[in-house]
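In: Give me a 3D structure for the following:
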Amino acid sequence: MSEFILAVDVSKIPDGGTLEIEGDPSLSEIETPTATLPLRAPLSYKIRLSRNKEDFFLFGTVSTVLEYPCARCLESVDLAVSGQVEATYKKPPKRVVEEEIELEDLENVIYYEALTLDLSERVIEAILVEIPIKVLCKEECKGLCPYCGVDLNQVAEHHCEIEASVSPGRLFNALKPFATEDRDTNDNKNDR
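Out: Next up, the predicted model:
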């Protein structure tokens, strides 16, 4: 995977001016905290950076198509994702009260030191926050057999032999001796 870096020199933006940035970086995948997601379409962004004295305001849109597994059957799904990039970049104050930092964090305020801002995290973040909690290949997806793993969408009348041999009644009967031992031990403790 090629690393995505979007570093912008903002020193040339005049006070009250804006800078428009567009791009389609050649990324093949996006790293998330839990997985690496392949891209099925280029990641594209359109961003506007505005300057007001030492503050920079970032606003834009980001879109791509991710390859994502269905939550029920694990088949790959082409997931079109569009998000908004928003942030405010400020010079760090000389003395900062902790409460003030917490409030500003909620407002997506980022402190900067140098006049080259790295916007890459904001672009990737705009995609990641738009991924739904549950992605399905289709609303009526039947998922996988919990016993043998067969895709129930592809096998119309699935009768699992493993399910019959692992019936809930047989499982509970196998656990009965342990439940009786625990109850006897707890009863003896309560008698003391």
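In: so residue 122 is in which element?
Out: Following DSSP states H and E, one finds residue 122 within helix 120-128.
In: which outside residues touch that helix?
Out: Residues outside helix 120-128 that contact it (C-beta atoms under 8 Å, 6 or more residues apart in numbering) are 4-7, 30, 32, 43, 45, 47, 58, 61-62, 64, 66, 81, 83-85, 87. For glycine as for every other residue, the C-beta is placed from the backbone atoms N, C-alpha and C.
In: Mark which of those are buried, thanks.
Out: Using 16 or more other C-beta atoms under 10 Å as the burial test, the contacts of helix 120-128 include 4, 6, 30, 43, 45, 47, 58, 62, 64, 66, 81, 83, 85, 87 as buried.
In: Dig out what the nearest residue to the fourth one once chain neighbours are set aside forms beta bridges with.
Out: Read that as residue 43. In this structure, residue 43 finds its nearest non-sequential neighbour in residue 64, 4.2 Å apart by C-beta to C-beta, 6 or more residues apart in numbering. Counting by DSSP bridges, residue 64 is bridged to residue 81.
In: Can you give me every residue that contacts residue 64?
Out: 30, 39-44, 80-81, 127.
In: so what pLDDT did it get?
Out: Residue 64 is assigned 95 on the pLDDT scale.
In: Tell me how far it lies from residue 26.
Out: Note on residue 64: its distance to residue 26, by C-beta to C-beta, to the nearest Å, is 12 Å.
In: which neighbours do these two share?
Out: Counting by C-beta under 8 Å, 6+ apart, the residues touching both residue 64 and residue 26 are residue 42.
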